[in-house]
Every structure is written in structure tokens, then in C-alpha cells.
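[1] Quick check, what structure comes out for this input:
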Amino acid sequence: MAASLHESIIVAKQERHKNLFLNYRNLQHFPEELLRDGGLHFLERLYMKRNSLTTLPEDLAQKLPNLIELYLHSNNMVMVPEALCQLSRLRSLDLSHNSLQILVPQIGRLRRLRQLHLSHNLLESLPPELGDLQELQVLDVSLNRLRCLPEHLQRCLSLQCLSADRNRLTALPRQLCLLERLSELSVAANRLSSLPLDLGRSAELQFVYVDGNVDLKGIPSSLYHKVLGCQGCGTSDSLPVGLCMAPPAGGGPVPLPPEVKLLGSESDHVVPLEELAMRALHRKHLREPDDLLVLPPSLLDLVLLPLGHCHLCSEPLFTSVFPKLFPLRDTVLAGLYRRSTVSFVAYCCSSRCLRSFHL
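    Residues are numbered from 1 along each chain as shown. Predicted structure coming up:
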């Protein structure tokens with residue numbers, strides 16, 4: 001095995017290979033031959049899948065400066081080595097099927113990264129520095145131990161595919177609605193009880209998978225015409241604590257997002273003063289954005305990012321909503337997911353819009 005490894009590296013150096021395959025070599029240490037004599041400056045893709053690596057050499061970026069793809073699938077890494085974060089040309093990084101417990105903040109230095117695969121690890125959190133990866137198109141963090149996703153993902157303006165299946169997510173940051181290029185979102189088998197109100201407003205978002213979230217009993221009606229996977233949702237007998245609206249007979253309560261403080265209903269005709277004030281500030285910001293800079297940062301953040309928008313008239317929502325439930329039997333999904341009790345919910349800004357809205 002050692003002789004074969006040595007021969008592969010020698011040939012790669014002599015023939016100036018751009019791709020080097022070192023998969024299934026039972027490597028416990030990074031091969032020193034790759035770093036000798038100035039390294040392999042011409043190497044662009046390094047495949048080291050299914051070995052036993054626990055770390056990478058500190059001078060990796062100096063010896064392999066032109067790497068654009070690095071595959072470390074199925075090794076024994078507990079933490080992303082900082083040396084890896086110095087590979088400034090890297091576009092694709094696969095660290096799935098390791099034992100990662102920490103994703104270091106320096107990951108944000110990989111500004112050219114387009115694909116990041118971190119599935120099948122032990123991650124409990126993600127650093128906000130992920131938001132610095134503005135060229136990132138694919139992020140896969142499935143099968144970890146994540147309880148939340150960082151709000152800073154909104155800065156990943158190129159993100160097209162986000163997979164976070166089989167984690168411990170109880171909510172999604174509403175900042176995800178700002179990702180205008182996001183076309184596929186998969187958050188199956190988590191602990192979600194609600195989804196961001198604006199999740200389906202983007203025309204680019206076409207595929208949404210929320211299967212297996214047993215406490216998720218209501219899906220925003222803005223997702224009605226998307227390719228939607230929701231089998232097994234709403235099957236839990238226990239209901240999350242929070243604001244609920246009683247739907248028509250034959251269904252269970254529908255939880256609303258935790259940000260909503262006050263609940264409107266068809267019998268209410270007055271929007272709370274707090275809500276009216278927030279809407280007025282938001283309209284003022286759209287007309288004269290510089291005037292609101294005097295507001296405290298915490299209030300300014302609320303004004304700039306509404307909780308959602310009315311599904312009928314697109315009025316921004318901040319503290320209260322008027323939810324309207326559409327039972328599953330009335331939707332196009334009724335024949336596809338007979339075993340699921342999930343329903344669509346329209347979120348409206350007033351009782352007038354509530355009465356007027358129809359799927």
C-alpha cells in the first residue's frame with residue numbers, strides 16, 4: 001500500500017497531474033510526499049475519501065496553493081483544521097461523514113467556496129461567519145445536531161440549495177426568505193412547528209421538503225404552487241405551546257410563529273396600535289431610508305425585516321396576523337399525502353383581507 005501510494009504521488013508530480021485520487025488508502029496522516037520539494041502547485045483536485053485522517057498539515061495552503069476541490073468524505077476529523085481555511089482558491093469542500101463537533105469561524109475566509117458538504121457529523125451549531133461565503137451555492141448540513149441555523153445565512157446571496165434534514169431544528173430564521181436565489185430547501189425530519197410566513201414569496205424557490213416534522217400542522221399558503229414534500233407532518237399527538245387558532249372541524253390547532261405577539265381573528269376589526277406603528281415606520285423607511293437611522297439598532301432591525309407579508313395584499317406584518325386555514329382535503333396535495341394532517345394557512349394583515357383570500 002505504501003509503495004503504491006508513493007508511486008501515485010511520484011507520477012502525479014512528474015506528469016503534473018491536476019487531479020489526484022488517494023481514496024481508500026487507510027491513511028492516518030497526510031502524506032508527506034505531497035508536501036516535499038515545494039509541493040504540488042499545479043494540483044487542483046485532491047480526493048482523499050474513506051481514510052482515517054484526523055487533521056491536515058499547517059502548511060497545506062503553501063504547498064497546494066491552487067486547490068479548487070478537496071474531498072475528505074468519511075475520515076475521522078473532529079474539528080475543521082484552520083490550515084484548510086487558508087486555501088483561498090477552494091470552490092468545493094466535502095467534509096461529510098466525519099466526526100466534526102466544531103466548525104471554526106475561519107471557514108468564512110473561503111470566499112470563493114461554492115459547495116460545502118457537512119452532512120453526517122456532530123455539529124451542534126454553525127458560526128455566523130458562514131454568511132461571509134457570498135459565492136456559496138450549495139450547503140448541506142443534514143444529519144447533524146443543529147438546533148438552529150444562523151441568521152447570517154441571509155448574506156449568502158448566491159445560495160441555491162440548502163439541506164438541513166434530520167437535525168433538531170425547532171424554527172427557521174425568517175432571514176432565509178431574503179435568499180432570492182434559493183431554489184431548493186430541505187428540512188425534513190426536524191422539530192419544526194411553523195415555517196416563516198414569507199417562505200414561498202420568492203419565485204426562485206420551487207422545491208420545499210418538510211417531511212417528518214410531526215408538530216408542523218400548518219404550511220404558509222405561499223407554498224401552495226411549489227413542489228412540496230410534507231408526508232408525516234402534523235402526526236404528533238402533542239402540540240407545541242404557543243398561539244394557536246382553532247381550524248374548522250376535523251383538524252387540530254395550527255401553531256403560529258413565535259414572533260407573533262397578538263392574534264387577530266375574523267371578529268376583530270381593529271389592528272393593534274403597535275402593529276400600525278411598525279407598518280408606518282416601514283413605509284417611511286421605503287420612502288426615506290436615511291431618516292430611520294436614528295432608531296435604536298434593535299428596533300431598526302425589526303422595521304427592516306417584517307415577520308411576513310399579507311398573502312392577499314402584500315402589506316408587511318410585524319406583531320399580529322389574521323390566519324385562515326385551508327384543510328388538506330381542499331388542496332392539490334390531498335390525493336398525494338392522505339396520511340398527513342398538514343394544512344395550508346394564509347396569513348393576512350386584516351379581517352378584510354382574511355375574508356377575501358382564497359387559494
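[2] tally of neighbours for Lys324?
    Close neighbours of Lys324, defined as other C-beta atoms under 10 Å, add up to 23. Placement of C-beta: from N, CA and C, glycine included.
[3] I'd like the next helix or strand past the helix or strand harbouring it.
    For Lys324, the enclosing helix or strand under DSSP states H and E is strand 320-326. Per DSSP H and E, the first helix or strand lying C-terminal to strand 320-326 is strand 343-348.
[4] Contacts only, for Glu58.
    Counting by C-beta atoms under 8 Å, 6 or more residues apart in numbering, Glu58 touches Ala83.
[5] just Leu67 next, same as before
    43-46, 87, 89-90.
[6] Tyr71 now?
    Tyr71 touches 45-49, 92, 94, counting by C-beta under 8 Å, 6+ apart.
[7] repeat for Leu139
    116, 118, 130, 153, 156, 159, 161-163.
[8] tell me which of those is nearest to Val208?
    Nearest to Val208 among those: Leu162, at 10.5 Å, using C-beta to C-beta.
[9] Who does the closest one form a beta bridge with?
    Note on Leu162: beta-bridge partners by DSSP bridges are Leu139, Leu185.
[10] I'd like to know how many residues surround it.
    Leu162 sits with 23 neighbouring residues when counted by other C-beta under 10 Å.
[11] One more: Lys18?
    By the measure other C-beta under 10 Å, the count of residues near Lys18 is 13.
[12] pLDDT score assigned to it?
    Lys18 carries a pLDDT value of 94.
[13] State the distance from the nearest residue to it once chain neighbours are set aside to Leu64.
    Spatially, and ignoring its direct neighbours in sequence, Lys18 is nearest to Glu44 (4.5 Å; C-beta to C-beta, 6 or more residues apart in numbering). For Glu44, the distance to Leu64 equals 9 Å [C-beta to C-beta, to the nearest Å].
[14] if I read this right, Leu95 contacts His117, doesn't it?
    Yes: with contact defined as C-beta atoms under 8 Å, Leu95 counts as touching His117 (6.6 Å).
[15] Which neighbours do these two have in common?
    Applying C-beta under 8 Å, 6+ apart, one finds that Leu95 and His117 are jointly contacted by His73.
[16] Glu44 and Leu64: which is more packed in?
    Set Glu44 next to Leu64 and count neighbours by other C-beta under 10 Å: Leu64 wins out with 23 against 17.
[17] I'd guessed that one sits against Leu34; true?
    Yes: using C-beta under 8 Å, Leu64 makes contact with Leu34 at a distance of 7.1 Å.
[18] so what's the closest residue to Gly108 other than its chain neighbours up against?
    Excluding the flanking residues, the one nearest Gly108 by C-beta to C-beta, 6+ apart is Glu129, at 3.1 Å. By C-beta under 8 Å, 6+ apart, the contact list for Glu129 reads 105-108, 152.
[19] Quick check: the farthest pair among the residues you listed?
    Farthest apart among the contacts of Glu129 - using C-beta to C-beta - are Gln106 and His152, which lie 15.0 Å from each other.
[20] how close does the residue nearest to Lys18 sit to Ala346?
    Using C-beta to C-beta, Glu44 is found at 50 Å from Ala346.
[21] next one: Cys161
    27 Å.
[22] ok, now Val138?
    Counting by C-beta to C-beta - Val138 and Ala346 are separated by 32 Å.
[23] check contacts around the residue positioned nearest the centre of the chain.
    Note on the chain: the residue nearest the mean C-alpha position is Leu162, at 4.7 Å, using C-alpha atoms, centre = their mean. By C-beta under 8 Å, 6+ apart, the residues touching Leu162 are 139, 153, 176, 179, 182, 184-186.
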